[in-house]
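A.B. asks: Build the 3D model from these lines:
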Amino acid sequence: MREFSIAGRNIGPDHPPLVLVEVGINHEGSVDKALQLVDAAVAAGAEVVKFQCHITDKEMVPTDMTPGEISTEKLWDIIKRCELTADEERRAQAYCAEKGVLYLSTPFSREAADRLNDMGVPAFKIGSGECNNLPLLDHIAGFGKPMILSTGMNDLASVKRSVAVLDGRVPYALMHCTSMYPTPYDKVRLGAVSELAREFGVPVGLSDHSMGIWTCLGAVALGASILEKHFTISRSWPGPDTGISIEPNELKDMIDGSRAIWQARGGVKTILAEEQPVIEFAYATLVSIAPIRAGEALSRENVWVKRPGTGPILAERFPEVLGKRATRDIPAEVHIAPEDIDGFVL
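C.D. replies: Numbering: from 1, shown residues only. The predicted structure follows:
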């Protein structure tokens, strides 16, 4: 696994998942709301707050198209309304630095990428719509900075073509994504997280549009090193993405839960040394349940298995002692030792 780091934050299976808190355009073009969202993300424990860098006339031609079921408003109008100016972008970046979180942003045009590079961003997050935009990927890779590439609306063959542009030029991670808003749980396809890791040997993650945090937590169990969710202070806020966004309490749960699951994943089925105190009271070992005379045969009527597990003969050996004879008088309700049984070897 080719691990890498962004601004000193290591990313890969051996490190806690990096949560990208996707403010995106939930600020609706208001830098003051953008800063409120940064505050809320920081309070929930965020490491990274991510925006979207839109320069509308550089990323699309004028159009009356609407974004499907996301909104009935014209796409052009949404993007234009939600733009931040270059100065506002820098203000948001400086505010993130002041609050101790990393600022990232997704460019949707060559000019937006140039703006972000001039701002000194340490990495680029690429949206699914640009995954197969090979000219733009090539342009951004030319900056030599780490890239996190979302792969929604692309199959494995398409992702391979995109990866070919990045390989050997920049460190990168791949994000599985389903570009449905919201994504039904049966369309999330968490298996693709593992598939991307096997196929490309780079850190992988989930950029998720389903409701709630459950699929992100599931992705961590399958090896996701990066998680991305849209974020808002309240789903009652206006905006095309707020309906699928998580709120501050959910973000905190996702950050805490992802770290807990990361710590818990992996391992093999062994007995831990730390389990010994419980073994001593929870295991069952061989005991007498009635007085046994020397020479008497052991049977289900005079021996059985009970807790605590401090006796020398474990319950799994019980069938082996039946029919063997006691070497001494054994009182009731005591642990039986190997030397108490004729011909028994521990």
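A.B. asks: With adjacent residues omitted, what lies nearest to the residue positioned nearest the centre of the chain?
C.D. replies: Central residue of the chain (C-alpha atoms, centre = their mean): V220, 3.1 Å from the mean position. Excluding its sequence neighbours, the residue lying closest to V220 (C-beta to C-beta, 6 or more residues apart in numbering) is I261, at 4.4 Å. In this view, the C-beta of every residue, glycine as well, is placed from N, C-alpha and C.
A.B. asks: Go ahead and confirm that neighbour touches A219.
C.D. replies: No: I261 is beyond contact range of A219, at 9.2 Å (criterion: C-beta atoms under 8 Å).
A.B. asks: Between those two, which has more neighbouring residues?
C.D. replies: A219 (28 against 19; other C-beta atoms under 10 Å).
A.B. asks: Which residue, other than its chain neighbours, is closest to that one?
C.D. replies: A219 sits nearest to L206 (C-beta to C-beta, 6+ apart), 3.9 Å away.
A.B. asks: What of V321?
C.D. replies: Distance criterion C-beta to C-beta, 6+ apart; nearest residue to V321, sequence neighbours excluded, is L298 at 5.1 Å.
A.B. asks: With T310 as the reference, measure out to that neighbour.
C.D. replies: 20 Å (C-beta to C-beta, to the nearest Å).
A.B. asks: The two: which is more packed in?
C.D. replies: The neighbour comparison of L298 against T310 (other C-beta under 10 Å) goes to L298, with 24 against 11.
A.B. asks: For that one, give me its contacts.
C.D. replies: I292, V321, L322, G323, K324, R325, A326, I341 (C-beta atoms under 8 Å, 6 or more residues apart in numbering).
A.B. asks: Drop anything exposed from those.
C.D. replies: Neighbour counting over the contacts of L298 (16 or more other C-beta atoms under 10 Å) leaves I292, V321, R325, A326, I341 as the buried ones.
A.B. asks: ok, those residues vs H27, which is closest?
C.D. replies: V321 (74.0 Å; C-beta to C-beta).
A.B. asks: pLDDT wise, what is that closest one at?
C.D. replies: As predicted, V321 sits at a pLDDT of 98.
A.B. asks: Who are the packing partners of the helix or strand the residue nearest to V220 falls within?
C.D. replies: Using DSSP states H and E, I261 sits within helix 248-264. If contacts are counted by 3 or more C-beta pairs under 8 Å, 6 or more residues apart in numbering; DSSP states H and E, helix 248-264 sits against strand 18-24, helix 31-43, helix 214-221, strand 226-230.
A.B. asks: Would you pull up how far that helix lies from the middle of the chain?
C.D. replies: Remark: helix 248-264 is offset 8 Å from the chain centroid, using C-alpha atoms, centre = their mean, to the nearest Å.
A.B. asks: Not counting that helix itself, show me its contacts.
C.D. replies: Residues outside helix 248-264 that contact it (C-beta under 8 Å, 6+ apart): 16-17, 19, 21, 40-41, 43-46, 212-213, 216-217, 220-221, 227, 229, 231, 233, 246.
A.B. asks: Over to stretch 280-290?
C.D. replies: For stretch 280-290, the surrounding residues in contact (C-beta under 8 Å, 6+ apart) are 301-315, 317-318, 321, 330-336.
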